[in-house]
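Asks: Could you work out the structure for the sequence below:
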Amino acid sequence: MEDLRSKLLIIELDGASWDVMDPLIKAGKLPNISRLINKGASGTLLSDPPLISPRLWVSIFSGKRSEEHGIEFFGSSSKMVRTKRIWDICNDRSLTVGVFGSFVTWPPYPVNGFIIPSLFSVGPETYPSEYQFLQELTLGERSKNHAGRRSSSRIRDFADYARKFKKYGVSVSTILEGLKFSARNFLKRPPQDERYWKKGVLHQRICTELFTSLYRRYNPHFATFHIHLCDAFSHRYWKYYEPEKFRNVDADAVARYGSVIPNAYIESDRTVGEFVSTAGPDATVIILSDHGSQAMETLRESFKLKPDVFLGFLGIDKTVIPANIGFMTFLYFQDKELMKKVSGTIEAMVFSDNQQKVFDVIYEESMFGVRLTEKLWGTAIDPGREIDAGGLGRIEFSRLFSPHKMDVSGDHKLEGVLIVSGPGIREGVKIPDSSIYDITPTSLAVMGLPVARDMTGRVISEIFASAPDLKYVDSYDPKGAAEPDQEEIDVDKVTSRLKALGYL
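Replies: Below you'll find the model as predicted:
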């Protein structure tokens, strides 16, 4: 084991934007984040389209582009990652690591520390295995496998989870809050929008306390924790946060849910404060987002594609993973020949009455994004209008599209957040726009580990109080890395998980 310049803790504030943070900072509502900004360096972190989180987070932690690390879309497993990520580099050097909630960490693998996979996992496995109970609860494994069980059995399940939570570091007050939340849902059935945000906050508090316990247990040289609240709530509640940017937003709903997005940042600041205290003064802390968030573009009339109907019409079954992001539906293909064939069919689809093109298509390596062509944005379309798909026949517009009611009202944007604070970091520095590819080289420099010359980004040298003594290696990745194992994807499970998380 080698001596480190500094321990490193990264807090993944998914989807965070300065546009939301700055007013809260000025109002004194983010005291822990404010202290890190004042004592360190901060600036805008630029992402890299398409803004699909698994792809971006693997790029952030490897310093490599998707064509190198092999991850493009949801549903990818850790076995498909072709490059070393920061925790792999540290683990290979016998340093202790802790990973909690990061994308593309399922299935977990043995490390000198712990790996608790992300919300998007399709299985309950953790490392070490005794934390599997958290993933079971998150994924709903028991309720799914034991549907129809009597309420007394479900109560015993809650009691069992409560015992495990307490054993592994969750406070009694948080456990009681969870029991109260479950009881209220069972007895009163509050609106889904209310249940969603309260469940999200409760889940983060449980994970915060579990991570804190794990951190104290392992004292990792490198650790990272993923916060998904800001991203998830931005997608769902932006129309209540900025109702003036949308049409006909219910005033009562604005009163109930207008503070949900700010509260996601406030709750995240609480988590940041607890982690900074736990890590101690000898740790460097980095807070970053993979992209920012903003209001979706609003149109007089808008429509969203029905992925299941669309794929069925194209004759595709269980080989493609869809996900809605903004007005775009991304389709990820395991079979590139099928992708080529299908894309040609989609591009040729026209309205039967005037031969007007129906879809715009944007291509990536193993996927494409499809949406209603821009010329049709904001226009009223007769639901019975027919679409001609050549040899596949014709289909009514209303069968493929539904009116977009802005149930998803927040979208991704390029500009994210970056904050770095700790020993040897300059105070009060504004970082010039940097890239997500700069995070791994900079993180290695912060810890005093060699930077790989084949990484895409650079060391953000402006943040250091004195020029770091940089060391280099040619690469951390094995030569001739194999293509990722596409057979790892279970389309049914991935699609089910994306539906549960609001991407379909």
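Asks: all strands of the stretch 201-350 of the chain, in order?
Replies: Ranges of strands in the stretch 201-350 of the chain, per DSSP state E, counting those that start in this stretch, are 222-227, 283-288, 292-295, 303-305, 320-325, 328-333, 350-351.
Asks: okay, the third one in CSV with CA atoms only?
Replies: Provided in CSV are the C-alpha atoms of strand 292-295 (Å, rounded to 0.1, in the frame of the first residue of the first chain):
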residue,chain,number,x,y,z
GLY,A,292,-27.7,19.9,-15.1
SER,A,293,-31.4,20.1,-15.1
GLN,A,294,-33.9,22.6,-16.6
ALA,A,295,-37.6,23.0,-17.6
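Asks: So that it lines up with my notes, have the first residue be 49 from now on.
Replies: Fine by me, first position is 49 from now on; the one you just mentioned is strand 340-343.
Asks: who are the neighbours of that strand, in terms of helices and strands?
Replies: helix 66-74, helix 277-289, strand 458-461, strand 463-469 (3 or more CB pairs under 8 Å, 6 or more residues apart in numbering; DSSP states H and E). For every residue, glycine as well, the C-beta is placed using N, CA and C.
Asks: Dump the ones you listed to a markdown table, plus mean neighbour count.
Replies: As requested, these are exported to a markdown table (neighbours: other CB atoms under 10 Å):
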| stretch | mean neighbour count |
| --- | --- |
| helix 66-74 | 17 |
| helix 277-289 | 24 |
| strand 458-461 | 22 |
| strand 463-469 | 24 |
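Asks: so which of the ones you listed comes closest to residue 336?
Replies: strand 463-469 (5.0 Å; CB to CB).
Asks: between the closest one and helix 66-74, how big is the angle?
Replies: 40 degrees (axes from the mean of the first three to the mean of the last three CA atoms, to 10 degrees).
Asks: continuing past strand 463-469, what's the next helix or strand?
Replies: Heading C-terminal from strand 463-469, the first helix or strand you meet, by DSSP states H and E, is strand 477-483.
Asks: in the next helix or strand after that next one, what's buried?
Replies: Later in the chain than strand 477-483, the nearest helix or strand by DSSP H and E is helix 487-495. Neighbour counts over helix 487-495 (16 or more other CB atoms under 10 Å) mark 487, 488, 489, 490, 491, 492, 493, 494, 495 as buried.
Asks: for stretch 229-236, same thing?
Replies: 229, 230.
Asks: May I ask which helix or strand of this structure has the lowest mean pLDDT?
Replies: helix 189-193 (a mean of 42; mean pLDDT, DSSP states H and E).
Asks: now, of the strands of the stretch 249-398 of the chain, which is deepest in the fold?
Replies: strand 270-275 (a mean of 26; mean count of other CB atoms under 10 Å).
Asks: So which residues make contact with it?
Replies: With contacts defined as CB atoms under 8 Å, 6 or more residues apart in numbering, strand 270-275 is touched by 55-62, 105, 109, 134-135, 138, 143-151, 161, 166, 252, 255-256, 259, 263, 316, 319, 323, 327, 491, 495.
Asks: Which members of these occur in helices, if any?
Replies: 105, 109, 134-135, 138, 252, 255-256, 259, 263, 316, 319, 323, 327, 491, 495 (DSSP state H).
Asks: How many residues are close by residue 141?
Replies: Neighbourhood size, residue 141 [other CB atoms under 10 Å]: 15.
Asks: Next, it: phi, psi?
Replies: Torsion angles at residue 141 (phi, psi; degrees, to the nearest 10) stand at phi -100, psi 20.
Asks: That one is in contact with residue 498, isn't it?
Replies: No - counting by CB atoms under 8 Å, residue 141 does not reach residue 498; the two are 9.7 Å apart.
Asks: so can I have TSV of the buried residues of helix 487-495 showing pLDDT and distance to residue 226?
Replies: Listed next are those as TSV, based on pLDDT from 0 to 100; distance: CB to CB, whole Å:
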residue	pLDDT	distance to residue 226
487	98	34
488	98	36
489	98	40
490	98	38
491	98	34
492	97	38
493	97	41
494	97	36
495	97	36
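Asks: and the two most separated of these?
Replies: Farthest pair in the buried residues of helix 487-495, by CB to CB: 487 and 495, 12.5 Å.
Asks: OK, contacts around residue 260?
Replies: Counting by CB under 8 Å, 6+ apart, residue 260 has contacts 217, 322, 323, 326.
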